[in-house]
Structure formats: structure tokens, C-alpha cells
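Enquirer: Predicted coordinates and the sequence they were generated for:
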Amino acid sequence: MTDIATSVRSGEMAELTAVSADTLRYYERIGILARIPRTTSGYRLYSRDAVVRVRVVRGALQMGFTLAELATIFRVCDSDDVPSQSMLDMTREKLRSIEGQIEELRRTERYMRQILREWRLRAKQRLQQREGCRAIYS
């Protein structure tokens, strides 16, 4: 059983991971999280490793992984099995997708920096025009 000093109950787990208790139970049901030990009173006790895993899941979902894919990946990782060729291919494809997203974010960053430079220049020019007008009317 999990050491109580290093484990958290559902409410704290939900708070630490920004995921609802219902979602945590669902993750357990589909194999994202291993079967969670319970106290004699029936409370789930999540390990610190489970906290990390849920955070990884949240990030992976944002990168385009599905829960089914993650459940499969974690099952292989947890069992020390050798991944199948299809898992390797899927992971390689996800990596390519992430690299594409990173490149798109870099393009967006460059575009936004250019907009900021243009806006600063406009603001500076407008300020200079106003100062010029004040000098004329003084």
C-alpha cells in the first residue's frame, strides 16, 4: 500500500493537477493511472508519481495525443515491454507534429514582435507630431 506521508487524497490531487476527481477516476478506469490504492475507509491515495503523470497527460493532450494513445504508451512504459512498430510510428508522428507546432509558434512570435515594433514606431511618430504641433502653437 502507498505510504500516507507521500500520498494525497482525491481532493488534493485534483487541486495539484487542475483535474476533477471524476477525471482522475476516469484516468484510473482507462489505464492512464494504475489502480489507485485506498485507505481502509475507501479513500483513494494518489502517489506523487501519479501527480506527475497527470501533469504529463495534460501537456500531452495539448500536444495532440489522445487518451487512448496515452493509455497504450503508459501501459508499455509501466510493464517494461518493448513498444510495437505501430507505437514507435505513432510516437514519431506525434514528435513531427510537435516540431511543426513549435515552428508555427516561432512564426507567430516573430510576427507579433514585428507588430510591436511597428506600433512602437507609430506611437513615437505620433508623439513627435504632437510635440511639433505644440511648438507651432506656443
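Expert: Received, thanks.
Enquirer: and stretch 108-120, how far from the chain's centre?
Expert: Taking Cα atoms, centre = their mean, to the nearest Å, the mean C-alpha location of stretch 108-120 is offset from the chain mean by 26 Å.
Enquirer: and what of stretch 87-98?
Expert: 17 Å.
Enquirer: Over to stretch 120-127?
Expert: With Cα atoms, centre = their mean, you get 38 Å for stretch 120-127.
Enquirer: If you count neighbours, what's buried in stretch 56-74?
Expert: 57, 60, 65, 69-74 (16 or more other Cβ atoms under 10 Å). Glycine gets a C-beta too; all of them are placed from N, C-alpha and C.
Enquirer: Also stretch 33-50?
Expert: Within stretch 33-50, the residues scored as buried using 16+ other Cβ under 10 Å are 33, 36, 44-47, 50.
Enquirer: Mind putting the buried residues of stretch 56-74 into a markdown table with secondary structure?
Expert: Formatted as a markdown table, the buried residues of stretch 56-74 follow (DSSP: H, G, I helix; E, B strand; the rest coil):
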| residue | secondary structure |
| --- | --- |
| V57 | helix |
| A60 | helix |
| F65 | coil |
| E69 | helix |
| L70 | helix |
| A71 | helix |
| T72 | helix |
| I73 | helix |
| F74 | helix |
